[in-house]
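Visitor: Provided below for reference: sequence and predicted model.
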Amino acid sequence: MAPNIRVAKAFRAMKDLGIPEEKTKPVLKRLLKLYDKNWELIEEENYRALADAIFDSQESEALEHKKKLDVQQRRKQLEQAERMKAIEEETQTQEEPERPLKRLRLRHQDGQSSPSSPNSNGALLKRPKLEVDEVPEPVSPLKRKGKQPILPNDLARIEGSDVIHSGDVVVADATGSYLAVRRLRNRGKEPLSPHPAPREKRLVKSSDVHFKEPKVETGVNVMPKKKNHALIIPKDEPHSDNPPHYQVPLAVIMPESLANEDASTDNNLETEPDSESVDLRNHVHETSNGNELIGIPNEPTAKVDIASSSSGEIKISLCVNGKTKLSATSVDTLLKTVEDKCLKSYKLLDPSFSVKKLMKDMCECFLELGSNSTNEPPVAIDVGPMKSVIDNNGNDHEKQVEQNGIIENNTMSSSDDVVNDIAKGQESEAISLVNEVNTECLPSFHYIPKNAVFQNAHVDFSLARIADDNCCPTCFDDCLTSSTPCPCALQSGGEFAYTSEGLVKEWLLDDCIQMNRDPQKRVVLYCKECPLERSKNEEILEQCKGHLERGFIKECWLKCGCNKKCGNRVVQCGIKHKLQVFMTHGGKGWGVRTLEDLPKGAFYCLMLIGAERVNLRMKKLCVWMPLIMENVARFINHRCFDSNLVEIPVEVENPDRHYYHLAFFTTRKVKALEELTRDYGIDFDDDDHPVKPFQCQCGSRYCRDIKPSTTRSGKRRLS
Ligand SMILES: C[S@@+](CC[C@H](N)C(=O)[O-])C[C@H]1O[C@@H](n2cnc3c(N)ncnc32)[C@H](O)[C@@H]1O
């Protein structure tokens, strides 16, 4: 029998076993070599040796692959541990009298039950006593303070739905029962947003997912998922928000017509006072004709003059000297050379950067400033209810805010003069808006301070449904002053979540922070029959995608006996701090900053939660929120790991936990003018995800979107 026929036969036999030719070929070659071309050995028992060899090789390939994954996983865990250690050390060095993270560790060492997951995934508060049907280590509410599990928004407590609580992850086996398994691959990949389901399948649309919806965010600087994005930033170098600092003089080119003229003598043009002249070397000495330099013949010097006429004409002249003989250079060549030089010199520069455009912008700004300047006190130009306000005040205060190694060079444009309020009076404090960076306007949206609960939904909760143990009808005055915790406090862990100063207590705050920073501490709950999945498709009920257990706060409300000034009513009283929406530097678009110092644990604002659809049949509360209706939280930018805000679910109105508020609290002291940020929980390494939301510009030394570069000691470079 000719060998090629034997090969074809072997291929056919393997094909019958479902093994493709390309898999058979290399193994067959190896076997032939091994058996010294003894085909009989290969052909006997219907090619058994060949089939076995193929299966063996597949197994070892799989093993190899698994090993690789394990190594990657271990590397990630090490990195995570290192990062946690660094953040922890950093946090401890900041003035925190009670060393909260240490306390937290001690609590876990004490053997307290499972780590709470007061994190951001899950959109419904869940009462363990009613719904958790498997609790490995039952603990009293007092012990589990602030650690009640929270289930996904709107539907978690539907009749008959059981929640399995395991220390980790629970999946159904073929018989429908649930097995606890470790889902290592997804560890650390759960989104930190209130909704833990896979991102593409989330039911709830909240502002934390806006980053994936550029179309909604008109005016938002959403970066496409392309490798070479607009800004040139070395991937391994964290960067701050600081605007690029120009170290070389801006090349200001005189128009051809001006090249041989002295700007100051041009007809109808008045040279601006000396203050407007930028002497780039500070040692230019001009003769009467302005053409010769005395004293420093070999040092190139440059001087920029800006002249404007009453008719609005602006001329910019650049006087350069330093070489005795200069040959003529075309403006285009010069522009190109300067652009190339800038592109090489600056870390943060758009590849399409153009000096010509820069000069045009300069003229426009000059015109704008010039035509607006009066002797009256400077007032922000309010260009419409939702448009950006450009403060034309020349008396800027320079303020440097240093936080976590980041220095933000914020120029505060005398905010007292910024007389606008994006909240249109709906918050107790006005939220001003400034854009000192570009001419971008705020996208149009309707500001609403709270979730619009009763809109377009069949809602059946009422005061009558709030039982006495869901509120504190016998309390009076201020619950916080009572020696025993009231029923409201008992619901969120047996202790009031707030201090008498209205700050979230350290134990709860630190648990939430820890959960954000260390995904491995999260506890995921799986329903036997997930109401969320049922709401999506009742016919084919999909397996529960998991909900994070998390801490929450229960505030007193209408049916409680205490007064409106009770210390357990913080979030419902609204924003109490001076905030400002401002245009950030470095490609993040609009952001929010505080205009005053904030202590740790301060309530900052609410995030509005929306749902994809309203479930009328189940008569469950669903919050319907068109995305154009948003509040100030919509402008909070992302920062990896060490953000200064953390979200905590707060239950105010509804006792059955189908509806709650997500409130942001400060994770540490925040200085005036610092940008307020939160961790969106994005896994920038998740290459499988079809959409990479944006190229992170958070500037954090722990940024997850920076490919690890290692130093010689093998440690990740921190700055
Ligand atoms: C919820 S919005 C925040 C407000 C937004 N900056 C704006 O101008 O409307 C989320 C978007 O802001 C931008 N963003 C937020 N954090 C960022 C970061 N760390 N780096 C780059 N872009 C960021 C992204 O475009 C993201 O899609």
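Guide: The structure has been received and is ready for your questions.

Visitor: How many neighbouring residues does Ala8 have?
Guide: 12 (other Cβ atoms under 10 Å). The way it works is simple: take the backbone N, C-alpha and C, and place the C-beta from them, glycine included.

Visitor: Give me the distance between it and Arg30.
Guide: 18 Å (Cβ to Cβ, to the nearest Å).

Visitor: Now do Trp277, the pLDDT please.
Guide: Trp isn't right for residue 277; it's Ser. Note for Ser277: predicted pLDDT of 40.

Visitor: for Leu433, helix, strand, or coil?
Guide: Three-state assignment for Leu433 (DSSP: H, G, I helix; E, B strand; the rest coil): strand.

Visitor: Not counting residues beside it along the chain, what's closest to it?
Guide: Among residues not flanking Leu433 along the chain, Val581 sits closest, at 4.7 Å (Cβ to Cβ, 6 or more residues apart in numbering).

Visitor: try Trp557
Guide: Val652 (5.4 Å).

Visitor: element containing Asp477?
Guide: Per DSSP states H and E, Asp477 falls between elements, in no helix or strand.

Visitor: before we move on, what about Leu78?
Guide: helix 39-93.

Visitor: related to what we said a few turns ago, pull the number of nearby residues for the residue nearest to Trp557.
Guide: Using other Cβ under 10 Å, Val652 has 19 neighbouring residues.

Visitor: circling back to that earlier point, just confirm the residue nearest to Leu433 is within a helix.
Guide: No - secondary structure of Val581 (three-state DSSP): strand, not part of a helix.

Visitor: hmm, back to that, if you count contacts, what does the helix holding Leu78 end up packed against?
Guide: Under the contact criterion of 3 or more Cβ pairs under 8 Å, 6 or more residues apart in numbering; DSSP states H and E, helix 39-93 touches helix 3-16, helix 21-34, helix 100-109, helix 506-517.

Visitor: Contacts for the first one, please.
Guide: In this case it means helix 3-16. Contact with helix 3-16 is made by 21, 23-25, 28, 39, 42-43, 46-47, 50-51, 54, as judged by Cβ atoms under 8 Å, 6 or more residues apart in numbering.

Visitor: ok, of these, which one's closest to the ligand?
Guide: Lys23 (43.8 Å; Cβ to the nearest ligand atom).

Visitor: residue contacts, the closest one?
Guide: Lys23 neighbours (Cβ under 8 Å, 6+ apart): Met14, Ile54, Gln58.

Visitor: Tell me which of the residues you listed has the lowest pLDDT.
Guide: Within the contacts of Lys23, pLDDT reaches its minimum at Gln58, with 87.

Visitor: if you skip the residues just before and after it, what's nearest to it?
Guide: Spatially, and ignoring its direct neighbours in sequence, Gln58 is nearest to Lys23 (7.5 Å; Cβ to Cβ, 6+ apart).

Visitor: For this protein, which helix or strand comes out least confident on mean pLDDT?
Guide: strand 178-181 (a mean of 22; mean pLDDT, DSSP states H and E).

Visitor: Can you get me a residue count around the residue nearest to Leu433?
Guide: Val581 has 23 nearby residues by other Cβ under 10 Å.

Visitor: Summarise which helices and strands the host helix or strand of Lys344 is packed against.
Guide: Counting by DSSP H and E, the element that carries Lys344 is helix 331-345. With contacts taken as 3+ Cβ pairs under 8 Å, 6+ apart, helix 331-345 sits against helix 355-372.

Visitor: give me the residue from the protein nearest the ligand.
Guide: Nearest residue of the chain to the ligand (Cβ to the nearest ligand atom) works out as Gly589 at 2.6 Å.

Visitor: Kindly give the local confidence score, pLDDT, for that residue.
Guide: On pLDDT, Gly589 comes in at 93.

Visitor: coming back round to it: quick check on the contacts of Lys23: which are buried?
Guide: For these, a burial check counting by 16 or more other Cβ atoms under 10 Å picks out Met14, Ile54.

Visitor: so can I have JSON lines of the contacts of Lys23 showing distance to Cys479?
Guide: Listed next are those as JSON lines, based on distance: Cβ to Cβ, whole Å:
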{"residue": "Met14", "distance to Cys479": "75"}
{"residue": "Ile54", "distance to Cys479": "71"}
{"residue": "Gln58", "distance to Cys479": "65"}
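
Visitor: gap between the closest residue in space to Gly567 that isn't next to it in sequence and Ile636?
Guide: In space, and not counting its chain neighbours, Gly567 is closest to Leu480: 3.5 Å by Cβ to Cβ, 6+ apart. Separation of Leu480 from Ile636 (Cβ to Cβ) stands at 29 Å.
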